[in-house]
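**Student:** only the shape, not the letters, is given here:
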């Protein structure tokens, strides 16, 4: 997949079959659209194109809203989309000035002039342009002027799946990994850089990798203990992970800490890719370190049982 971040430098594409959207999380509803544009492109001898935006529009339009949570960072979204065989990912920098672009300007300048769209495929509820004024109805009524074919993913198809990024966020914030995984078509994941913690885990026999997630808007699931897998340098490890303030240790800040089973070595400064498989329990405050250590042993057994 080729990634383009400068509209002025786009190559000439062969019969571009285009779709538009933020595609946060690249869930099963998004995947249905990706499969469709790839199918059309293959049948017509054209190229599939996803036109997306970064930062997420809500981050620009509501910069003071710290409750905005994303299912995928820009890098994660690019990696996910590449797995579906899309030929081109065009990422437009989303700014306040771009947000003021009318739907007609967007169609004329980007879809027609820059992309030379051959066919546009969008979901039934997709809106675009200033104030979300544009949609399928506008495209359809003006199709004779635009000169490209048009296809709408029917409402029945989308509603049948019953998936939305909002529902996935709600599930993750409730610790409902089963619903989130079913809607995403895969376990939810995050990537973090290992930073130094208080190193208490080493003293009690459970060394942990303290993860820092660089994207501040990336959604961190509900506090508690989890069964996860951790990918480090192309190798997967079963792992137990805790999210929370570590009440037994009077922790003041939320941490994300993973204990990789079967790993020995120094991970400081390295990247780990985490995949969430099962929510084990709520975060607890123990009376002493002995009780905490005993619970961690039980958690480790649960992880090993899961992967067996």
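**Tutor:** All right, it came through fine. Note that the structure is predicted; figures quoted are calculated from it, not measured.
**Student:** low-scoring stretches of the stretch 201-308 of the chain, by residue?
**Tutor:** 247-252 (pLDDT under 70).
**Student:** and with 90 instead?
**Tutor:** Applying pLDDT under 90 to the stretch 201-308 of the chain flags residues 201-206, 216, 245-254, 264-266, 284-289.
**Student:** which stretches of it form helices?
**Tutor:** 289-307 (DSSP state H, counting those that start in this stretch).
**Student:** which stretches of it form strands?
**Tutor:** Shown for the stretch 201-308 of the chain, the strands assigned by DSSP state E, counting those that start in this stretch span residues 209-212, 224-232, 235-244, 255-260, 271-281.
**Student:** for residue 308, find the nearest of these.
**Tutor:** Nearest to residue 308 among the strands of the stretch 201-308 of the chain is strand 235-244 (9.4 Å), distances taken as CB to CB. From N, CA and C alone the C-beta is placed, and that goes for glycine too.
**Student:** so that closest one versus helix 289-307, what angle?
**Tutor:** Strand 235-244 and helix 289-307 meet at an angle of 140 degrees, taking axes from the mean of the first three to the mean of the last three CA atoms, to 10 degrees as the criterion.
**Student:** strand 235-244 pairs with which strands?
**Tutor:** Applying DSSP bridges, strand 235-244 is found paired with strand 224-232 (antiparallel), strand 255-260 (antiparallel).
**Student:** quick check: angle from that strand to strand 271-281?
**Tutor:** 60 degrees.
**Student:** just for the stretch 51-200 of the chain, where's the confidence low?
**Tutor:** Short version for the stretch 51-200 of the chain, where the test is pLDDT under 90: 56-68, 123-127, 131-135, 153-165, 196-200.
**Student:** on that earlier part again, can you redo the strands paired with strand 235-244 as CSV with distance to residue 189 and mean neighbour count?
**Tutor:** Below are the strands paired with strand 235-244 laid out as CSV (distance: least, CB to CB, whole Å; neighbours: other CB atoms under 10 Å):
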stretch, distance to residue 189, mean neighbour count
strand 224-232, 9, 21
strand 255-260, 12, 22
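**Student:** which of those strands sits closest to residue 288?
**Tutor:** Closest among the strands paired with strand 235-244, using CB to CB: strand 224-232, at 18.1 Å.
**Student:** how far out from the middle of the chain is the closest one?
**Tutor:** Average the C-alpha atoms of strand 224-232, do the same for its chain, and the two points are 17 Å apart (CA atoms, centre = their mean, to the nearest Å).
**Student:** need the residue closest to the centroid of this protein.
**Tutor:** Relative to the mean C-alpha position of the chain, the nearest C-alpha, by CA atoms, centre = their mean, is the one of residue 72, at 2.1 Å.
**Student:** skipping adjacent residues, who's closest to that one in space?
**Tutor:** residue 25 (5.4 Å; CB to CB, 6 or more residues apart in numbering).
**Student:** that neighbour falls within a strand, correct?
**Tutor:** No: counting by DSSP: H, G, I helix; E, B strand; the rest coil, residue 25 is located in no strand; its state is coil.
**Student:** any idea how far residue 175 is from it?
**Tutor:** Distance, residue 25 to residue 175, using CB to CB, to the nearest Å: 17 Å.
**Student:** quick one: which of those two has more around it?
**Tutor:** Neighbour tally, residue 25 and residue 175, criterion other CB atoms under 10 Å: the higher count belongs to residue 25, 26 against 20.
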